[in-house]
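> Got a sequence here, can you build the structure:
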Amino acid sequence: MLLLLQFAMSNHKILNFSRRLFAGLLFTGLAVAETQDPMQPRGGVFDPYAFEEPAPWKEGETLIPPFPKEENLIEVPMDPKSYRCLLDLESLSLGADQVTRYSAVIVSKSGARSVFFEALRCDNGEYKTFAYGSNNTFQKVREPNWKRAADAAGSVGQFRLVLRGTLCDDIRRPLSPQEMQDRLRHPR
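Residues are numbered from 1 along each chain as shown. Okay, the predicted model is just below:
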């Protein structure tokens with residue numbers, strides 16, 4: 001022990017230098033670690049709890065298309081077959097607002113026809129009727145409102161639920177117009 005004490009005293013200068021070197025390296029290491037933290041983005045501090053709220057959904061403009069022509073209609077498979085639902089392929093569109101727009105022709109067993117131009121939101125299952133067809137022309141709805149397709153599921157309104165399954169994917173995102181047409185031409 002005495003030998004160790006003598007060594008320490010004789011090497012006091014080396015020991016002080018070592019302490020200062022260690023402190024300097026420690027300080028430099030902390031400074032470098034602070035500026036080069038991989039969890040911090042450049043120019044800012046990383047906050048794992050930060051969440052950016054998405055912009056609120058905003059509906060895009062809707063233009064009423066031409067009245068459906070017979071040669072552009074394709075039948076949507078319905079079950080049970082209490083009526084037929086035909087979609088106008090020319091009117092199928094997907095807006096930047098992620099809303100699918102279409103013209104639908106509903107044909108009863110007696111042959112009576114009801115024509116609608118509507119929009120469907122795949123994410124929440126709402127629809128909006130913009131126009132009704134009569135005399136080969138559309139009549140605009142004065143104040144169209146979003147409604148739940150499930151609430152209109154009785155009798156004739158059932159087609160909207162079927163359309164949601166046809167025009168949307170399995171996780172309720174809208175299909176592209178080409179995918180919609182392919183699905184209508186080749187039902188699952």
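> use CA for all of it now, contacts and neighbours both
OK.
> so how far is residue 86 from the closest residue to residue 116 other than its chain neighbours?
Computed as C-alpha to C-alpha, 6 or more residues apart in numbering, the closest residue to residue 116 that is not its neighbour in sequence is residue 132, at 4.7 Å. According to C-alpha to C-alpha, to the nearest Å, residue 132 and residue 86 sit 15 Å apart.
> What of residue 156?
Residue 156 is 13 Å from residue 86, by C-alpha to C-alpha.
> Overlap in contacts, the two.
residue 106 (C-alpha atoms under 8 Å, 6 or more residues apart in numbering).
> can you pull out the strands in the protein?
Taking DSSP state E as the test, the strands found in the chain are 73-76, 83-88, 93-94, 99-108, 113-121, 126-134, 137-140, 147-148.
> so which of the ones you listed comes closest to residue 67?
Taking C-alpha to C-alpha, strand 137-140 is the member of the strands of the chain nearest to residue 67, at 5.5 Å.
> coming back round to it: got CSV for the strands of the chain, with mean pLDDT, distance to residue 60 and mean neighbour count too?
Shown next, in CSV, are those (pLDDT from 0 to 100; distance: least, C-alpha to C-alpha, whole Å; neighbours: other C-alpha atoms under 10 Å):
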stretch, mean pLDDT, distance to residue 60, mean neighbour count
strand 73-76, 94, 25, 17
strand 83-88, 93, 21, 22
strand 93-94, 96, 10, 19
strand 99-108, 95, 8, 23
strand 113-121, 96, 11, 22
strand 126-134, 94, 13, 20
strand 137-140, 96, 17, 16
strand 147-148, 93, 17, 15
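> With respect to residue 179, which of these lies nearest?
Nearest of the strands of the chain to residue 179, taken as C-alpha to C-alpha: strand 93-94 at 10.9 Å.
> Ignoring the adjacent residues along the chain, who's closest to the residue nearest the centre of the chain?
Per C-alpha atoms, centre = their mean, the C-alpha nearest to the average position across the chain is that of residue 173, at 5.9 Å. Distances taken as C-alpha to C-alpha, 6+ apart put residue 122 closest to residue 173, at 5.6 Å, once the chain neighbours are dropped.
> domain parsing for this structure?
Structural domains annotated on the chain: 2-31, 72-185, as defined by automatic domain parsing.
> could those go into a markdown table alongside distance to residue 55?
A markdown table is the format used below for the domains of the chain (distance: least, C-alpha to C-alpha, whole Å):
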| stretch | distance to residue 55 |
| --- | --- |
| domain 2-31 | 38 |
| domain 72-185 | 12 |
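> thought residue 145 was touching residue 120?
No. The pair residue 145 and residue 120 does not pass the contact test of C-alpha atoms under 8 Å, sitting 11.6 Å apart.
> Identify the contacts common to those two.
With C-alpha under 8 Å, 6+ apart as the test, residue 145 and residue 120 both reach residue 128.
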